[in-house]
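[1] Sharing a sequence plus its predicted fold:
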Amino acid sequence: MASSATLSGGTSGKSSSRVISIGLLVVASVVAARFLIHYAAPYFRWDPKYFDYLWPHRVRLIVHICGGIVALVCGTLQLWTGLRQKAMTFHRWTGRIYLVGVAVGITGALLMTLSTTPKAFGVALRGLATAWLVTTLIAWAAILRGRVPMHKEWMVRSYLVTFAFVTFRVITDNLPGFAARLGSSADDAAANVTWLSWIVPLAVYEVIRQSRRLFGAEPNS
């Protein structure tokens, strides 16, 4: 009886966790789609007014945006558990394309930092690119060594960093007052929002993961 109750509780917990994960993924997909339509897509009109001061660096920016779009789309597909279980070949190929998208996005970001002003924003962008590179490489190395649970965890971290471009817009669009308080000028505020866009999501993820392990929601690895 006790074993049955434990098994039932474990199954129920897994089901609840899966429902929450699916819900979060759906919300993230909707928010990402809005970001791509409203902010990323207009750059492909090649309108100097939309690029504003970035017009002289438009090629670098487009490279960065293209990589980010590919990573956002493929990252969402990578985290879709049902697809991973039913179409492993497709999962592997979207993973490879995700790696390419991240590599292109990082290249564009680092090229942009060569001429980014103010310097604080350039440093923030380099920090983001570094986090993107490290989390993705660890996820890749883990799956190459057959460490599937570790690969899953680091793919989530990599996706959270990928999603930082969307998170940045969510903060600046919906919390302008909060964003403005993060710096003595608009440029400083933008730099600090860039840092928060990936550091805070990663910190929240770690608190959730470690709390689940601490209180027995999942086994220690």
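    It's in. Numbers count the residues shown, from 1 in each chain.

[2] any idea how far stretch 141-151 is from the chain center?
    With Cα atoms, centre = their mean, to the nearest Å as the basis, stretch 141-151 stands 19 Å off its chain's centre.

[3] Compute the first-to-last residue distance for that stretch.
    One end of stretch 141-151 to the other measures 8 Å (Cα to Cα, to the nearest Å).

[4] Buried residues in it, which are they?
    Buried residues in stretch 141-151, counting neighbours by 16 or more other Cβ atoms under 10 Å, are found at 142-143, 147, 150-151. In this view, the C-beta of every residue, glycine as well, is placed from N, C-alpha and C.

[5] Farthest-apart pair in those residues, please.
    143 and 150 (8.5 Å; Cβ to Cβ).

[6] Low-confidence regions, the chain specifically.
    Applying pLDDT under 70 to the chain flags the ranges 1-18, 81-85, 217-221.

[7] how about the helices of this protein, start to end?
    Under the criterion DSSP state H, helices of the chain are mapped to 2-35, 48-51, 58-79, 81-86, 88-113, 119-144, 148-162, 164-174, 176-180, 186-214.

[8] for those helices, which one sits closest to residue 42?
    Closest approach to residue 42 among the helices of the chain is made by helix 48-51 (5.3 Å; Cβ to Cβ).

[9] For residue 184, give me phi and psi.
    Per-residue torsions, residue 184: phi -80, psi -10 (degrees, to the nearest 10).

[10] circling back to that earlier point, could you dump the helices of the chain into TSV with distance to residue 41 added?
    Shown next, in TSV, are those (distance: least, Cβ to Cβ, whole Å):
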stretch	distance to residue 41
helix 2-35	10
helix 48-51	10
helix 58-79	9
helix 81-86	25
helix 88-113	16
helix 119-144	21
helix 148-162	18
helix 164-174	13
helix 176-180	23
helix 186-214	20
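
[11] Identify the residues contacting residue 161.
    Going by Cβ atoms under 8 Å, 6 or more residues apart in numbering, residue 161 touches 128, 131-132, 135-136, 198, 202.

[12] do that again at 6 Å, thanks
    Under the criterion of Cβ atoms under 6 Å, 6 or more residues apart in numbering, the neighbours of residue 161 are 131-132, 135, 198.

[13] looking at it, residue 116 is touching residue 122, isn't it?
    Yes: using Cβ atoms under 6 Å, residue 116 makes contact with residue 122 at a distance of 3.8 Å.

[14] These two: who's more crowded?
    residue 116 (20 against 17; other Cβ atoms under 10 Å).

[15] Next one: the more buried one from residue 169, what distance?
    The gap separating residue 116 from residue 169 is 18 Å, by Cβ to Cβ, to the nearest Å.

[16] One more: residue 154?
    Taking Cβ to Cβ, one finds residue 154 at 25 Å from residue 169.

[17] Comparing those two, which shows the higher neighbour count?
    In this view residue 154 and residue 169 are compared by other Cβ under 10 Å, and residue 154 has more residues nearby, 21 against 18.

[18] OK, contacts around the residue lying closest to the more buried one once chain neighbours are set aside?
    Once flanking residues are discounted, residue 154 sits nearest to residue 139: 3.6 Å by Cβ to Cβ, 6 or more residues apart in numbering. With contact taken as Cβ under 6 Å, 6+ apart, residue 139 is in contact with 151, 154-155, 158.
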